[in-house]
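K.L.:
Give me the fold of what follows.
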Amino acid sequence: MGAPYDQAGIRKGRFLREQVYKNLKASILNQTLPQNKRLVEERLAEELGTSRTPVREAIQKLEKEGLIYKLSKGGYAVSAIKEGDIEEILGIRSILEGYAAHLATTRITDEDIESLEEIVNKEEQCLNRGDQEGCINLNTEFHDRLYRSAQNKRLYSIINDLRDYIHRYRIIIGKYEGIAELFMKDHREMVALMRSKRAGKVERLMQRHIARGKTIILKRMKKEALQQGVDKKGSSRG
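P.N.:
Numbers count the residues shown, from 1 in each chain. As a prediction, this is how the structure comes out:
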């Protein structure tokens, strides 16, 4: 199995440390490096085609961001998503994005409306092709365009501070069969309501949209925890 990194980009790049950091971070957010995956500096350096120094610096930075944690026996591992993190991050996101949707509805331009409609049409095309990754990327693009339409730089900056966590959750949610279609329908309804300048309804729809995602992730976590318990129980009897 090949290394999940863009080695060519790393070798050719002028800013080696930043590239190593970005590659590792992207691998965590995209779940190429799964939760609780043990990371070893020497092995990572070999896979990335670099020395251990930029890898060590990248790991320290990612540890501060909470994406990696140190193991008691040495080495590092990818931080698992915890129930409390989901409640906290998506709770904050619901309030911020609901407000952004409200503001956007009152300030949006015809050009922004057309851009959002175009994104939703592309989402539908991705659904028809079964392009899961494309749907996730377009979901992110839709929300980003909506934030910008609110024309509030401070609000946009605050929401962007949560971008990495949100993207990680979107990938988890996006794996559920049928969820991309539900989200696409929400997006289409949002655009119609924004065109009609129904700010309160758009805000409430955005909050329901995020709450649905939170419920899906929490259910999946509980199901996986239960399954792991069953597997451990079964293996102990073997």
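K.L.:
Pull out the buried positions in the host helix or strand of Glu118.
P.N.:
Assessed by DSSP states H and E, Glu118 sits inside helix 110-129. Buried residues in helix 110-129, counting neighbours by 16 or more other C-beta atoms under 10 Å, are found at 112-113, 115-117, 119-120, 122-124, 126-127. (Glycine included, C-beta is placed from N, CA and C.)
K.L.:
Would you map out the domains in this protein?
P.N.:
With domains defined by automatic domain parsing, the chain comprises 7-78, 83-226.
K.L.:
Least reliable of those domains by average pLDDT, please.
P.N.:
Among the domains of the chain, domain 7-78 has the lowest mean pLDDT, at a mean of 83.
K.L.:
Check the offset of stretch 108-126 from the chain's centre.
P.N.:
21 Å (C-alpha atoms, centre = their mean, to the nearest Å).
K.L.:
what does it rub up against?
P.N.:
Identification of contacts with stretch 108-126 by C-beta atoms under 8 Å, 6 or more residues apart in numbering yields 104, 134-135, 138-139, 141-142, 145-146, 148-149, 180, 183-184, 187-188, 190-191, 194-195.
K.L.:
Out of those, which end up buried?
P.N.:
The neighbour-count test (16+ other C-beta under 10 Å) marks 104, 134-135, 138-139, 141-142, 145-146, 148-149, 180, 183-184, 187-188, 190-191, 194 as buried among these.
K.L.:
mind listing which of those residues are in helices?
P.N.:
104, 134-135, 138-139, 141-142, 145-146, 148-149, 180, 183-184, 187-188, 190-191, 194 (DSSP state H).
K.L.:
any idea which helix is longest in this structure?
P.N.:
Max-length helix for the chain by DSSP H is helix 199-237.
K.L.:
Quick check: which helices or strands does it pack against?
P.N.:
Where contact means 3 or more C-beta pairs under 8 Å, 6 or more residues apart in numbering; DSSP states H and E, helix 199-237 is packed against helix 83-107, helix 163-174, helix 179-195.
K.L.:
so which of those comes closest to Gln207?
P.N.:
Closest approach to Gln207 among the helices and strands packed on helix 199-237 (C-beta to C-beta): helix 83-107, 4.5 Å.
K.L.:
which one is the most centrally placed residue in the chain nearest to, not counting chain neighbours?
P.N.:
Nearest residue to the geometric centre of the chain (C-alpha atoms, centre = their mean): His167, 1.0 Å. Distance criterion C-beta to C-beta, 6 or more residues apart in numbering; nearest residue to His167, sequence neighbours excluded, is Leu29 at 5.3 Å.
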